[in-house]
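**Q** sharing a model that was predicted from the sequence below.
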Amino acid sequence: MYTLKPSFPLDFSVKPAPVMYTLPSYHEEEIAILNTNSNTNSLPSNVTVDYEIPEFIENEFIQKQAKLIKDICALKKNFDQLSSKFASKKSENIVSKETPNSKKKKKEKKEKKEKKEKGLSGDKDVSAKSICKVFEYDTSAKDSAYIQKTDLKASNPYCLPPSLIKFKEQKNLPKKNITVELPASDSSWFDILVATAKKNNLPFDVKMTKSDKITFPKVSCEGIVAEGLVPVWKFLGSVLGIYSYESNVFSNTIDKFLNLFASQYNGQISDDTWRTIGIHLGTYDTLSVSSEYSLADIIVYGEFLKNNKVQSNNIEIWANRVKTLIQ
């Protein structure tokens, strides 16, 4: 510790300004009472000021209370008159705005609403399909060709075991006497489609022929011919019911992945492609954005089996779920 030297001599004293009272000193000096008003003289220390309590007058108090109550009643009366006057003006404006045309429109809207309610109550199919339970996942309004599950034991289909997507039966689509011509070098994707049909009890009446002379896959049936990887995949997927030409939501996503893998099918699938798949599966459970597995999942799973590299966790989990639909 250390001491600080004072800036003033020891006998220096500071006198307070005459705007406040000075406190008594420790040397028993007289208390100096300084008034803020310079016209008044300072009072000696022995002078005391006596405060007299005014006398309570009961009559005067009662008169003041009565006057206050009277003023409050008058204020309430004026307020009620003002509010009633304002309400009457408001109702007159509303009545004046309601023209015969507006009344007619309201009546028509009411009749339409009653007809709509009667139609919904009378249609049993609508009440069974369109009315969803709490937390139920509904995709029927999104894709016109998609068949939604109706035997859900859980409220969310994502909690159920893996299953194949189902589309409505397409018009003018042959399902018998189908012939597929494939190159002899690679037909693994076709074997996976056959295994999927057997595992899930799907009709798949297709005859396959292999030849070294064939360079591109080709499918034909009753005068309908499709040539090329993507057209053949789509045709056979439609036969199995896991792809639809009439789908306006899910098939768009399926086409994107089919085209992506078809462009690299003859060579090795690049790491960027698998990275794209992993990013997609980080948000969705399947490649079709649905809760069920489609043609794209089956075809891409065949390429996953060829790849010896370790993929991301999203792809590994997805592959294990697709495996249960094939093996």
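**A** Cool, got the structure. Numbers count the residues shown, from 1 in each chain.

**Q** what comes up buried for stretch 269-287?
**A** Within stretch 269-287, the residues that count as buried by 16 or more other CB atoms under 10 Å are 269, 273-274, 277-278, 280-281, 285-287. The C-beta positions use only the backbone N, C-alpha and C, and glycine is treated the same way.

**Q** following the worst-scoring helix or strand of the chain on mean pLDDT, which helix or strand shows up next?
**A** Within the chain, judged by mean pLDDT, DSSP states H and E, the helix or strand with the poorest mean is helix 124-129; its value is a mean of 44. Elements were assigned by DSSP states H and E; along the chain past helix 124-129, the next helix or strand is strand 178-183.

**Q** give the other helices and strands that the next helix or strand after that following strand contacts.
**A** Along the chain past strand 178-183, the next helix or strand (assigned with DSSP H and E) turns out to be helix 188-199. Contacting helix 188-199 under the criterion 3 or more CB pairs under 8 Å, 6 or more residues apart in numbering; DSSP states H and E are the following elements: helix 229-240, helix 295-306.

**Q** pull out the buried positions in helix 188-199.
**A** Within helix 188-199, the residues scored as buried using 16+ other CB under 10 Å are 189-190, 192-194, 196-197.

**Q** residue 257: which of those residues is nearest?
**A** Ranked by distance to residue 257 (CB to CB), those are led by residue 189 at 13.3 Å.

**Q** which residue packs closest to that closest one, ignoring adjacent ones?
**A** With CB to CB, 6 or more residues apart in numbering as the criterion, residue 189 has its nearest non-adjacent residue at 4.5 Å, and that residue is residue 302.

**Q** same thing with residue 269?
**A** Nearest residue to residue 269 in three dimensions, chain neighbours excluded: residue 303, at 5.6 Å (CB to CB, 6+ apart).

**Q** surely the one you found touches residue 260?
**A** No: assessed by CB atoms under 8 Å, residue 303 is found out of contact with residue 260, at 10.4 Å.

**Q** can you tell me the helix or strand for the closest residue to residue 250 other than its chain neighbours?
**A** If you skip the residues right next to it in sequence, residue 250 has residue 288 as its closest partner in space, 4.8 Å away by CB to CB, 6+ apart. Element membership of residue 288 [criterion: DSSP H and E] is none; it lies in no helix or strand.
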